[in-house]
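*Asks:* Provided below for reference: sequence and predicted model.
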Amino acid sequence: MSAPRLWLVAVALWVTVTTISAIALWHLRNNALDGQWRETSLLALALTDELDRGLHGVEQGLSAMRAELHEGRLSAGDAETVRRLGLRARFMPLVRTLWVVDRDGRLLLASDTTPPPNLNSFSPSLDQLPDRTAAVSRPFTDAITRQSLVAVAVRAGDENASGGWVIAGLPANALFGAFSVATPGSDAHMAVLRNDGVRLVGTIVEPAILDEASLAQLLARQPSMTRRKFRDGSERLVSVNDLPRYDLKMILTRDTSVVLRPWREIAQGAAAGIALLLLILIVSVRQITRSDRRYVAAQNALQAQLSRAGKLEALGSLAGGVAHDFNNVLAAILGFGEMAQDLALPNSKQSRYLDKLLQATLRGKALIERILTFSRGGAHRVTVFELEPIIEEVLTLLDASPRHGVALERVLQASSARLRGDPTRAFEAIMNLCTNALQAMPDGGVLNISLKRVHVGAPRVLSHSRLAAGDYVCLSVMDQGTGISPEVMDRLFEPFFSARGERSGTGLGLAVVHGVVAEFGGAIDVQSAPGHGSRFALYFPECTDAVDTKERLAERVHAGGGQRLLVVEDDPSLLALAEEMLKGMGYEPVAYADSGAALAVLRENSDRFAAVITDEVMPGLCGTQLTRALREFAPDLPVLLISGYGGTSLVERALAAGVTRVLVKPLQRQALAEAVSELLSKRSPT
């Protein structure tokens, strides 16, 4: 999945979770408000009912006093009457003081010395107060105790009588009833008002909290529950309940911020969870995109490595094919040149010219050998050897010819590490690598050579190879030179490619390194950047076999004694050359240009021949195929395989087919004589 699509999915997931959480929190908030709404309504109804019953009790007590006045059991100026009024005030609910006043406002009876309220402060007006109805006064303050009181009055006689009013004084706080006990929290407030807006008790209707217009709206409401924003900035649940008998309203409020405090804690937790989810999504998407980028980079690196490996493989095949054909040309030049040299007069011009010709041919042979090393097509000996002594030999040679401003550092930590292969090729690869590093530091620097064991647990993709899992010996050569540009990096190991001009060699040095490492079954990793030096790491598979201690002794070359040799070569000039050389050595060569015809002759009578000399690359049967077929009926007949290019792992294939000895074209006469003498010395003459 692409990064933009991944971000889109993450955002969509987060928005979905946020939306669902917001909806859930909204429902939870509404449920919390509904629950508090019901609780506040029930509490307001209970308090209203309690207040109504309390005032009704006061009214009944006052009605009983009116009956006593009518019956004459209470008379003004009677000490017993004052005592009885005091007892009645004490036992009446909510009441603290009782008064009896006439129509002119004169005090007739009182339960204590507290002055009665102003008769004009009652609502409804006492003059218009219907019979069997109570009026409630404004709050007033006891001048002696400084206590706030509210008065309730009923007529002392009939509506048409001349009597006054029986009045009860109540502590204003008594109107709260059980509110202080039943209050659900400190945010709950209660107020009792007359219908004309006069506050009897409570702080919620202070002008600083509730303006007159809002108060008028509340008082005009029927019993209801509402939410209202108050002047002090708070938002509250408001319950308004009527006491119609006394023209009063009871208001109960709850602060919604307090009511919603548990919900806010849940919402904050949910918001933190959503924020954490967003952070996790961001981190996850970044990790995934980073992993995708690393995966794409690894894939690109693998593709680049495969492309480089394929290109080098194709170049190797091309170079090997060209080397094979060129080897045939050089073989003819070298062979006939040597025979011509034998016939030339010593110190003659012809002899000198032939010497120059042979020297040029040998230089061409050396060049072909380097090309075959790159293409991994040359024949070489395989043995088990320790790598560190070879590195020491290279460093000794470098120390013997020091360069100005160059310092050698060595960190060799694998003294007993062994490899299987050709130690000469390993020496050549290490020398080429160090020489290349020195050429990269024309102004001097530090050349670091290190050797260590490395265990690779899983396959790796290197800059120019793929490294399989296993145990390796890692040789690292690091310089402080000019570095390698990306353009050069792609062509670094191509044969005849050089980025240092025409005087910096043939361009085969690193190509040889690549071929040698490939022959050993290893891998190469190059790390470099322009201006920051380079590090070449060669990974060789470590061998656990014992070191080969036997050195092959040079065999004495014997002249031929007329032994018959079967020679197979598809190139007519080389076939003629082989015949001439072998005849000159004292042998009887029988030449065939067709490998199939040669095999048929051998099937008829292989005992006629002392040995077989065959080319590798031929039409029809190649040399190894001919040898494999020969081994079915002549298992002991020596076979000398000669090849200019045999492809990868020529020696292994040749030995597996039953070849006795392998030589590389172009051949010098001495090398051919030694090889044939060695083969025949292991077999009785025919």
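*Replies:* Structure's in. What do you need? Numbers count the residues shown, from 1 in each chain.

*Asks:* The helix or strand encompassing residue 575 packs against which elements?
*Replies:* Counting by DSSP states H and E, the element that carries residue 575 is helix 572-584. The helices and strands touching helix 572-584, judged by 3 or more Cβ pairs under 8 Å, 6 or more residues apart in numbering; DSSP states H and E, are helix 261-343, strand 564-568, strand 588-592, strand 611-615, helix 669-681. The way it works is simple: take the backbone N, C-alpha and C, and place the C-beta from them, glycine included.

*Asks:* Kindly reformat these as TSV containing mean pLDDT.
*Replies:* Shown next, in TSV, are the helices and strands packed on helix 572-584 (pLDDT from 0 to 100):
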stretch	mean pLDDT
helix 261-343	76
strand 564-568	93
strand 588-592	93
strand 611-615	93
helix 669-681	84
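
*Asks:* and of the ones you listed, who's closest to residue 193?
*Replies:* helix 261-343 (28.8 Å; Cβ to Cβ).

*Asks:* Find the residue at the geometric middle of this structure.
*Replies:* What sits nearest the mean C-alpha location of the chain, by Cα atoms, centre = their mean, is residue 287, with 3.1 Å.

*Asks:* How much space separates that one from residue 458?
*Replies:* According to Cβ to Cβ, to the nearest Å, residue 287 and residue 458 sit 21 Å apart.

*Asks:* now swap in residue 440 and tell me
*Replies:* For residue 440, the distance to residue 458 - Cβ to Cβ - is 32 Å.

*Asks:* Please say which of those two ends up with more neighbours.
*Replies:* Here residue 440 and residue 458 are set side by side on neighbour count (other Cβ atoms under 10 Å), and the busier one is residue 440, at 20 against 7.

*Asks:* out of everything not next to it in sequence, what's closest to the more buried one?
*Replies:* For residue 440, ignoring the flanking residues on the chain, the nearest one in space by Cβ to Cβ, 6 or more residues apart in numbering is residue 481 at 3.0 Å.

*Asks:* count of neighbours near the one you found?
*Replies:* Close neighbours of residue 481, defined as other Cβ under 10 Å, add up to 22.

*Asks:* and what of residue 576?
*Replies:* Residue 576, neighbours per other Cβ under 10 Å, totals 15.

*Asks:* Need the phi and psi values for residue 660.
*Replies:* Note on residue 660: its backbone torsions stand at phi -80, psi -40 [degrees, to the nearest 10].

*Asks:* need the contact list for it.
*Replies:* 638, 639, 640, 679, 682 (Cβ atoms under 8 Å, 6 or more residues apart in numbering).

*Asks:* Now with 7 Å, please.
*Replies:* Neighbouring residues of residue 660 by Cβ atoms under 7 Å, 6 or more residues apart in numbering: 638, 639, 640, 679.

*Asks:* Select from these the one having the most neighbours.
*Replies:* When neighbours are counted by other Cβ under 10 Å, residue 639 leads the contacts of residue 660 with 24 neighbours.

*Asks:* Quick check: phi and psi on that one?
*Replies:* Per degrees, to the nearest 10, the backbone of residue 639 is at phi -130, psi 130.

*Asks:* shouldn't it be in contact with residue 659?
*Replies:* Yes: using Cβ atoms under 7 Å, residue 639 is in contact with residue 659, at 5.1 Å.

*Asks:* Find the residues that touch each one of the two.
*Replies:* Applying Cβ under 7 Å, 6+ apart, one finds that residue 639 and residue 659 are jointly contacted by residue 627.
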